[in-house]
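[1] Okay, sequence plus prediction incoming.
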Amino acid sequence: MAPPPLPTDSGRDPYFPAILVLLGASLTGLLSAVVGGLWLANLVVLQTAVTFFLSSGALFGVIVARRAEPQKDDPAPDSPAPSPPAVAPAAVPSGSMASRLADRARNVSVGDEIRVATLALGAFATFYVQLLRDDDLVPLEPMIAVAGAGGCVIAAGLAATSVRYFVEMDQARYPEGPHLASGARLVAWIATVAAASVGLQWAGQETAVRSLSIAVALINMAYCFDLWEVQQRRVPPAGSFPLDLGMLSALGGRVNPAASLLDAAERQLGIDLRSTWALTVVRRGVEPLLIGLCCLGWLSTALTVVGTHEQALVERFGVPRSGGPLQPGLHLHWPWPIDAVLRLPVQRVQVLTVGHDGVQASGPENVLWARQHSGNEYTLLLGNGRDLITVDAAVQYRIADPRAWRYNSQNPADALRAIAYRAVMRNTVNRTLAEALSENLVTTTARMRAMVQEDADALGLGVEVLAFTVGGMHPPVAVSADYQAVVSAELGKMTAVVNAEAFRNQIVPAARGTVLVDTNTAIAQGAETLGQAAGEAWSFRTLQSQYGADPAGYVFRRRLETLERVLPSRRYTILDARIQRDGGELWLTP
């Protein structure tokens with residue numbers, strides 16, 4: 001990308017649109033590096049974000065400083081430059097407060113404000129990333145590592161492309177071009193280092209990643225220091241943004257950083273290091289220097305820093321050393337490959353998933369059992385052989401004995417997961433689906449945790465099982481609709497049974513009461529009828545005995561009783577035949 005040709009009207013800045021686009025690209029790289037560094041937990045990528053911030057500050061400072069300059073046409077070469085009108089300065093008492101404020105206002109410009117803000121925020125961000133963010137190295141998936149490294153390579157390519165643009169600028173019109181090219185070269189190399197750090201993180205080389213992050217942090221701090229020191233030197237004119245910095249010329253003066261450092265040394269020392277005698281001295285000193293650096297790097301492997309949540313085991317020629325593990329702090333031992341130090345996070349609570357593979361989606365969990373919770377959920381066969389169940393559980397544990405965890409089993413995490421699955425099967429194998437779903441979950445998880453701890457102690461894994469949590473126990477998701485239909489039918493059956501029981505409880509007692517009342521009534525009526533019959537029988541026997549004693553008198557008495565009964569309100573006179581027998585007479589008169 002070549003810069004545009006200069007127009008005839010030199011009052012217009014032809015590079016302003018392109019610099020503005022490069023500023024937008026730098027801000028985009030800053031945002032992408034921040035997001036990528038937090039996503040990958042990579043300190044080098046985060047330090048690259050600081051580098052993008054510093055480059056954005058430099059571009060913004062250049063834009064603001066150049067826009068603040070008065071733009072006017074160049075004078076004709078033969079015509080004398082017009083002299084400025086003589087303006088008498090205001091009389092200000094020397095040494096007064098107003099004089100000092102006026103001098104300070106004249107010396108402070110917009111470029112200085114941007115410079116101070118850039119170096120202050122850049123230094124703070126560098127210290128924050130390097131000292132306050134003590135994140136452990138996170139293992140990366142291959143596709144994630146390729147994506148992160150590819151983004152860094154694209155950023156390096158864009159920075160390298162901008163180098164060509166800055167180099168081809170007209171230095172007479174835009175003197176900042178060579179310095180911006182040096183900064184772009186440095187950004188390209190730092191982005192390349194960030195891409196390499198992503199690959200090292202994928203390979204698990206935590207020490208190398210931290211070393212690269214320290215190197216990039218030192219470069220950022222050197223740039224901030226040059227921005228601070230330039231106030232004392234005052235190299236650029238007042239009001240412009242300083243770019244003629246020693247760090248940029250030393251590391252970004254040429255495409256090859258080593259050649260750029262050599263040029264910087266020549267400018268500093270004032271001698272030609274490429275001459276014969278200088279090359280001889282350098283060649284004689286390179287080999288001892290390289291050997292010394294290699295020895296220093298090898299000896300640095302004899303120092304190990306154990307974190308506050310870690311303990312470390314030392315192996316000498318592959319044989320574990322006796323004694324207790326290394327406690328948190330700095331420890332000295334034989335360098336690699338004599339001693340190898342294995343750090344284990346003994347204070348960190350680790351989690352093993354049971355029932356499914358893969359990582360669940362971020363955000364609030366969908367607790368409905370009819371929804372898929374992960375990519376691969378396992379199903380267990382229950383005791384009756386007709387029901388299946390899916391368990392979503394997790395085992396929280398920590399390493400209690402680092403030596404047992406490391407040496408008693410080749411793959412202790414897999415063994416602990418197998419023990420957890422066995423505990424789940426032992427608690428569900430003798431139950432039906434309804435029994436497993438209706439059991440008290442607190443009791444079940446406590447029993448499972450005790451089983452896992454007992455089996456882990458039997459295998460000598462050296463772990464302490466802190467908790468066994470069950471997020472859910474439900475039928476497989478594939479048969480959720482059928483299971484819901486079965487459950488609905490079961491609920492309908494239970495509802496019908498309950499309604500029938502209620503109807504039976506309502507009708508049967510009423511029927512039993514009616515039967516009891518009718519029975520008692522019949523018994524009472526039978527007793528009453530039997531009493532009446534007995535009384536009538538005794539009356540009949542009495543009458544029979546009376547009739548036997550005096551039949552005529554009985555008949556006569558019964559006749560009289562009958563007449564009294566049928567003629568209750570009649571007056572009548574009874575005539576007896578014995579009147580004539582006894583000599584009596586009866587006269588009837590009308």
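    Looks like it arrived, so ask away. No experiment lies behind these values; they were computed from the predicted model shown.
[2] Can you give the domain ranges for this protein?
    With automatic domain parsing as the criterion, the domains of the chain are listed as 16-69+106-269, 303-344, 350-359+371-475, 483-555.
[3] Comparing those domains, which yields the minimum mean pLDDT?
    Comparing mean pLDDT across the domains of the chain, the lowest value falls on domain 350-359+371-475: a mean of 75.
[4] partners of G329 in the sheet?
    Going by DSSP bridges, G329 is paired in beta bridges with V306.
[5] Mind giving me the packing neighbours of the one helix or strand F225 maps to?
    Using DSSP states H and E, F225 falls within helix 206-233. The helices and strands touching helix 206-233, judged by 3 or more C-beta pairs under 8 Å, 6 or more residues apart in numbering; DSSP states H and E, are helix 43-68, helix 110-127, helix 177-202, helix 246-252. Every C-beta, even on glycine, is put in place using the N, C-alpha and C of the backbone.
[6] Quick check: what element follows the second one along the chain?
    Same thing as helix 110-127. Elements were assigned by DSSP H and E; along the chain past helix 110-127, the next helix or strand is helix 142-167.
[7] Using PDB, write out every CA atom in stretch 200-216.
    What follows is stretch 200-216, C-alpha atoms only, in PDB (Å, rounded to 0.1, in the frame of the first residue of the first chain):
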ATOM      1  CA  LEU A 200       3.400 -22.900  23.800                       C
ATOM      2  CA  GLN A 201       0.300 -22.700  26.000                       C
ATOM      3  CA  TRP A 202      -1.300 -25.500  23.900                       C
ATOM      4  CA  ALA A 203       1.900 -27.500  24.500                       C
ATOM      5  CA  GLY A 204       1.700 -26.900  28.200                       C
ATOM      6  CA  GLN A 205       4.900 -24.800  28.500                       C
ATOM      7  CA  GLU A 206       3.900 -22.500  31.300                       C
ATOM      8  CA  THR A 207       7.500 -21.300  32.000                       C
ATOM      9  CA  ALA A 208       8.100 -20.300  28.400                       C
ATOM     10  CA  VAL A 209       4.800 -18.400  28.300                       C
ATOM     11  CA  ARG A 210       5.600 -16.500  31.500                       C
ATOM     12  CA  SER A 211       9.100 -15.700  30.200                       C
ATOM     13  CA  LEU A 212       7.600 -14.200  27.000                       C
ATOM     14  CA  SER A 213       5.100 -12.200  28.900                       C
ATOM     15  CA  ILE A 214       7.900 -10.700  31.000                       C
ATOM     16  CA  ALA A 215       9.800  -9.800  27.800                       C
ATOM     17  CA  VAL A 216       6.900  -8.100  26.300                       C
END
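[8] what comes into contact with it?
    The contact list for stretch 200-216 (C-beta atoms under 8 Å, 6 or more residues apart in numbering) reads 40, 42-44, 46-48, 51, 129-130, 136-140, 142, 145, 190, 193-194, 196-197.
[9] and it, how far out from the chain's middle?
    The gap between where stretch 200-216 is centred and where its chain is centred comes out at 25 Å by C-alpha atoms, centre = their mean, to the nearest Å.
[10] so after whichever helix or strand L466 is part of, what's the next helix or strand?
    For L466, the element it lies in under DSSP H and E is strand 463-474. As assigned by DSSP H and E, the chain's next helix or strand after strand 463-474 is helix 480-549.
[11] Could you give the separation of that following helix from the chain centroid?
    70 Å.
[12] do stretch 118-127 as well
    Taking mean C-alpha positions (C-alpha atoms, centre = their mean), stretch 118-127 and its chain are 30 Å apart.
[13] Dump that stretch to CSV, keeping only the CA atoms.
    In CSV, the C-alpha atoms belonging to stretch 118-127 read as follows (Å, rounded to 0.1, in the frame of the first residue of the first chain):
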residue,chain,number,x,y,z
THR,A,118,-0.6,7.2,27.3
LEU,A,119,2.5,6.4,29.4
ALA,A,120,0.5,6.5,32.7
LEU,A,121,-2.3,4.1,31.5
GLY,A,122,0.2,2.0,29.7
ALA,A,123,2.5,1.5,32.7
PHE,A,124,-0.5,0.8,35.0
ALA,A,125,-1.9,-1.8,32.5
THR,A,126,1.5,-3.4,32.2
PHE,A,127,1.9,-3.8,35.9
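[14] Quick check: S162 vs V555, distance?
    155 Å (C-beta to C-beta, to the nearest Å).
[15] repeat for D401
    From D401 to V555 the distance is 126 Å (C-beta to C-beta).
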